[in-house]
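Chemist: Attaching a predicted model along with its sequence, questions to come.
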There are 2 protein chains.
Amino acid sequence: MSTENKILDSIASSKNNKPHCGTCSLSSLCLPIALQANDLDALDQVIKRGRPIQKGEMLFKQGDDFNAVFAIRTGAVKSFTVARSGEEQITGFHLASELVGLSGYAEDVYPLSAKALETTTVCELPLDKLEVLCDEIPGLRKQIMRNMSGEIRQDQQMMLQLSKKSADERLAYFLLELSGRFERRGFSAKAFRLAMSRVDISNYLGLAVETVSRIFTRFQKNGLIATEGKEITLLNLDELNNLTGNPSLNAQCDSQ
Amino acid sequence: MSTENKILDSIASSKNNKPHCGTCSLSSLCLPIALQANDLDALDQVIKRGRPIQKGEMLFKQGDDFNAVFAIRTGAVKSFTVARSGEEQITGFHLASELVGLSGYAEDVYPLSAKALETTTVCELPLDKLEVLCDEIPGLRKQIMRNMSGEIRQDQQMMLQLSKKSADERLAYFLLELSGRFERRGFSAKAFRLAMSRVDISNYLGLAVETVSRIFTRFQKNGLIATEGKEITLLNLDELNNLTGNPSLNAQCDSQ
DNA sequence: GAGCTACCTTGATCTGTGTCAATATTTCTA
DNA sequence: TAGAAATATTGACACAGATCAAGGTAGCTC
């Protein structure tokens, strides 16, 4: 820890405040640490900004050489694996300001594919540049490790959901988990847009589409949510939370 | 925490090159990189060797301060989360030469607990020492990141199993996955001992114990496996592999 | 704005696996 | 080594959710 700060401090010598890659500087990602302004500049030089990615386009494919991590600026992405049998398993949805592609570290190839759910802009962080920077900015590497570690935790939570919970519990969990992610990024925790289709949701949750659809309908009948196509409003966070059977996912629910 | 540091300090001050914890130097862990000999010496100084841990004892508990990563020398460990409702979800089994505790990086506390399945010896890698070392040996940090990344990949594979596969497929997958881990560590891929109980297996796979028991029986009737209590022999790797519906888990099966 | 396509909803039925219950086996303890 | 406790097996039955089938609806393109 102290090592970290020492190096950070030592780096903090020359700085300027030039605006960089807009919302996608690493400081606005899931990297809660406060980096120095000049660190940010260094990072911004590494960021490769590509054209917007259209709905359905791939960020990277399973088996591609692992050469970059992606930070999502706007839009949404799903990541998924394709089994030999051809079936697709969605392993996660990634929203604005989140990182995709970290699992490539294990074997120098991406173990999964990532596809845009809607028009999406990303910042590409080429691996070689990132490596060099990580050696210069210890805080950065730590944050990336935190990110990976957080992903492990999240996946393990998901394993619990998938293996132990009923369809109702899974969907309630899914909605609250999304809600929390929006809230943490300054958006409404109650009203948001589901970038993914019902099929994607059902795939992710290990359910049939029909089941997901039925539960959406029932939740709506019971006054838990309101839907209008892809727009959704969570009307009763408390009750949804009870449904999950998990420790509260949403701070707002605790206080009510 | 303070206890920990006291112990660490005493270790740091009285260090020499006395033969250390045998099989558990980091080079023999899941860390395939070839480190320099003097790096290994540095690592060995960090390794804290504890007394053997008895069956049922905890390595660390959910919520404990994250202050060490553990490398298993002999024995086996299960890691699991406990939901508010009290239910336990096993997130993984860890065999000799594997690391446990990396997911603590995310929030400075362990998000799960780890308990010995049998008498187990571990090497404790105190975090602060490891941090310093990682700054000195860049290859080490990379290996730890690979490890984390690999865990993500493994968990995501497990999500696929849990959400899409039948009970038969899950158990076949479980057995082959274990088999592969034994094989990679130089043990027989076909005959090994299941350190975990049927209840643990069923919990991990998201099934009822009865279901697991029935499938073991049926696999045996069909000549796929032979069991004698906790000892198990895989008689037909090919067929087991077919059952999983996944890309081959076991090299031996590919070549047959 | 007609027609096409992809997506979503709802109903009827079927089935894999959970649950409950009883017994058998192994492991521990004294 | 006996007796107790934990763990494993086997059977009967029920139900959550899959599957099959049939519309309905939204978002395209021309």
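Modeler: Yes, it's here. Numbering: from 1, shown residues only, chains lettered A, B, ... in the order given.

Chemist: Just give the closest residue to A:Met158, not the sequence neighbours.
Modeler: B:Met159 (5.7 Å; CB to CB, 6 or more residues apart in numbering or on different chains). Just so you know, the C-beta spots here come from the backbone N, C-alpha and C atoms, and that holds for glycine as well.

Chemist: repeat for A:Thr91
Modeler: That would be B:Gln156: by CB to CB, 6+ apart, it lies 4.3 Å from A:Thr91.

Chemist: Just want the phi and psi numbers for A:Ala226.
Modeler: phi -130, psi 130 (degrees, to the nearest 10).

Chemist: What strand or helix carries the residue lying closest to it once chain neighbours are set aside?
Modeler: Distances taken as CB to CB, 6+ apart place A:Thr233 nearest to A:Ala226, at 4.5 Å, with adjacent residues excluded. Element membership for A:Thr233 (DSSP states H and E) is strand A:231-234.

Chemist: So for the following helix or strand past that strand, what gets flagged as buried?
Modeler: Next along the chain after strand A:231-234, taking DSSP H and E as the criterion, comes helix A:237-244. For helix A:237-244, the neighbour count (16 or more other CB atoms under 10 Å in any protein chain shown) marks A:237, A:239-241, A:243-244 as buried.

Chemist: Same question for stretch A:119-126.
Modeler: A:120-125.

Chemist: can you state the direction angle for the helix or strand that contains A:Asp168 and helix A:237-244?
Modeler: Assigned by DSSP H and E, A:Asp168 falls within helix A:167-184. Angle of helix A:167-184 versus helix A:237-244, following axes from the mean of the first three to the mean of the last three CA atoms, to 10 degrees, is 130 degrees.

Chemist: which residues of the stretch 1-150 of chain A score low on pLDDT?
Modeler: A:1-46, A:48-50 (pLDDT under 70).

Chemist: which stretches of it form helices?
Modeler: Using DSSP state H, counting those that start in this stretch, the helices of the stretch 1-150 of chain A run over A:2-11, A:37-46, A:127-136, A:138-164.

Chemist: Tell me how far the residue positioned nearest the centre of chain A lies from A:Leu162.
Modeler: By CA atoms, centre = their mean, chain A has its centre lying nearest to A:His94, at 3.4 Å. Counting by CB to CB, to the nearest Å, the gap from A:His94 to A:Leu162 is 19 Å.

Chemist: Which single residue in chain A comes nearest to DNA strand C?
Modeler: The minimum distance from chain A to DNA strand C, using CB to the nearest atom of the strand, falls at A:Thr217 (3.1 Å).

Chemist: related to what we said a few turns ago, list the contacts for the residue nearest to A:Ala226?
Modeler: Taking CB atoms under 8 Å, 6 or more residues apart in numbering or on different chains, we find A:Thr233 in contact with A:190-191, A:225-227.

Chemist: Now which of those would you call buried?
Modeler: Buried among these (16+ other CB under 10 Å): A:190, A:225.

Chemist: need the contacts of A:Thr233 in CSV with secondary structure, distance to A:Glu177 and pLDDT, can you?
Modeler: Formatted as CSV, the contacts of A:Thr233 follow (DSSP: H, G, I helix; E, B strand; the rest coil; distance: CB to CB, whole Å; pLDDT from 0 to 100):
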residue, secondary structure, distance to A:Glu177, pLDDT
A:Lys190, coil, 14, 94
A:Ala191, strand, 16, 94
A:Ile225, strand, 14, 96
A:Ala226, strand, 19, 95
A:Thr227, strand, 17, 92
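
Chemist: of the contacts of A:Thr233, closest to B:Ser197?
Modeler: Nearest to B:Ser197 among those: A:Ile225, at 40.6 Å, using CB to CB.

Chemist: give me the beta-bridge partners of A:Val82?
Modeler: A:Glu88 (DSSP bridges).

Chemist: can you list the residues of the stretch 151-256 of chain A near chain B?
Modeler: A:151-153, A:155-160, A:162-164, A:204-206, A:245-247 (CB under 8 Å from any CB of the partner chain).

Chemist: my guess is the residue nearest to A:Met158 contacts A:Gln154, does it?
Modeler: No - using CB atoms under 8 Å as the test, B:Met159 is too far from A:Gln154 to be in contact (10.5 Å).

Chemist: ok, A:Val109 - contacts?
Modeler: Contacts of A:Val109 were listed using CB under 8 Å, 6+ apart, and they are A:63-66.

Chemist: Share the number of residues neighbouring the residue nearest to A:Gly150 when sequence neighbours are not counted, please.
Modeler: Of all residues not flanking A:Gly150 in the chain, B:Ala106 sits nearest, at 4.0 Å (CB to CB, 6+ apart). When neighbours are defined as other CB atoms under 10 Å in any protein chain shown, B:Ala106 has 21 of them.

Chemist: Nearest spatial neighbour of the residue nearest to the centre of chain A, chain-adjacent residues omitted?
Modeler: Nearest to A:His94 is A:Val77, by CB to CB, 6+ apart, at 4.5 Å.

Chemist: That neighbour: what's it in contact with?
Modeler: By CB under 8 Å, 6+ apart, the neighbours of A:Val77 are A:59, A:70, A:93-94, A:100, A:114-117, A:120, A:122.

Chemist: How much space separates A:Ala167 from chain B?
Modeler: Distance of A:Ala167 to chain B, computed by CB to the nearest CB, to the nearest Å: 12 Å.

Chemist: An error on my part: the question was meant for A:Met196.
Modeler: In terms of CB to the nearest CB, A:Met196 sits 15 Å off from chain B.

Chemist: So that residue belongs to a helix, correct?
Modeler: No - counting by DSSP: H, G, I helix; E, B strand; the rest coil, A:Met196 is not found in a helix; it is coil.

Chemist: Can you give me every residue that contacts the nearest residue to it once chain neighbours are set aside?
Modeler: The spatially closest residue to A:Met196, leaving aside those adjacent along the chain, is A:Leu117, at 5.4 Å (CB to CB, 6+ apart). By CB under 8 Å, 6+ apart, the contact set of A:Leu117 is A:55, A:75-78, A:93, A:195-196, A:200.

Chemist: swap in A:Ala226?
Modeler: When contacts are counted by CB under 8 Å, 6+ apart, A:Ala226 touches A:220, A:232-233, A:235.

Chemist: residues of stretch A:59-77 that come out buried?
Modeler: A:59-60, A:64, A:66-77.

Chemist: chain center to that stretch: distance?
Modeler: Stretch A:59-77 has its C-alpha centroid displaced from the chain centroid by 12 Å (CA atoms, centre = their mean, to the nearest Å).
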